[in-house]
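Asks: predicted model, plus sequence, below.
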Amino acid sequence: MVLTIYAAVSIFLHVCVLSGALLVGSRSERWGALLLAASMLAVIVVQDRRFVAADINIAYVDAAQALGLLALARVANKPWVIVACALTLLGVALHAAQWLVNDRVSPVPYLNLYAGISYAVLGCLCYGTAKAWRQKRLHGGVSADATANASIIATRSHANPGQHLG
């Protein structure tokens, strides 16, 4: 397989953003980075090397990524996760649309849109990581997740003083 300049730049950007999220992000950014890294590796493994149209295997990986982001959105109260999940679902719909019009439309717009969506999801993670890093700096090394959890526990304990959250 030949490594094009586009693929090299893409891998470099992914490695930079994912490692940044793992190093300075809060818990939800680290989980998001692990999820996107697993998706990236899965796409490398399952993709059809002789591309002629939409690859159903990549659509399955994207659907699994969307489910993972949806689960993360239920746990983490972060807007970037919801936007990344919506963009991933848009990518799944793009796969379906290209699959339906397989031979009648050139795959070039499909590839460009899919690449744009992938970079937008990566941008969401980058935004979340930058925001979490800023929150850590403002709160003296405490992540935004820990601050939010502490305020939720404090609110619940004041609302029900006799109840222990153990």
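Replies: Here it is on my side, so go on. Residues are numbered from 1 along each chain as shown.
Asks: where does pLDDT dip in this protein?
Replies: Counting by pLDDT under 70, the chain has low-confidence residues at 1-3, 51-53, 103, 141-166.
Asks: give me the helices and strands touching the longest helix seen in it, please.
Replies: Ranked by number of residues, the top helix in the chain under DSSP state H is helix 107-138. Helix 107-138 sits against helix 5-24, helix 27-46, helix 79-100, helix 144-159, with contacts defined as 3 or more Cβ pairs under 8 Å, 6 or more residues apart in numbering; DSSP states H and E. For every residue, glycine as well, the C-beta is placed using N, CA and C.
Asks: of all those, which one is nearest residue 67?
Replies: With respect to residue 67, and counting by Cβ to Cβ, the nearest of these is helix 79-100 at 8.9 Å.
Asks: what residues sit buried inside stretch 95-106?
Replies: 95, 98 (16 or more other Cβ atoms under 10 Å).
Asks: endpoint to endpoint, that stretch covers what distance?
Replies: Stretch 95-106 has an end-to-end distance of 13 Å (Cα to Cα, to the nearest Å).
Asks: hmm, who's touching it?
Replies: Taking Cβ atoms under 8 Å, 6 or more residues apart in numbering as the criterion, the residues outside stretch 95-106 that touch it are 53, 54, 55, 56, 58, 59, 62, 107, 110, 114.
Asks: can you list contacts of stretch 108-125?
Replies: The set of residues external to stretch 108-125 that reach it, using Cβ under 8 Å, 6+ apart, is 10, 13-14, 17-18, 21, 29, 32-33, 36, 54, 80-81, 83-84, 87-88, 90-91, 94-95, 97-98.
Asks: let's go with 6 Å and repeat that
Replies: Contact partners of stretch 108-125, identified using Cβ atoms under 6 Å, 6 or more residues apart in numbering, comprise 17, 21, 32, 80, 83, 84, 87, 88, 90, 91, 94, 98.
Asks: taking the contacts of stretch 95-106 one by one, which sit in helices?
Replies: 56, 58, 59, 62, 107, 110, 114.
Asks: just give me the neighbour total for the fourth one.
Replies: By other Cβ atoms under 10 Å, the residues close to residue 62 number 25.
Asks: can you tell me the element residue 72 falls in?
Replies: Taking DSSP states H and E as the criterion, residue 72 maps to helix 56-75.
Asks: report the buried residues of that helix.
Replies: By 16+ other Cβ under 10 Å, the buried positions in helix 56-75 come out as 58, 59, 61, 62, 64, 65, 66, 68, 69, 72, 73.
Asks: many thanks, I have nothing further to ask.
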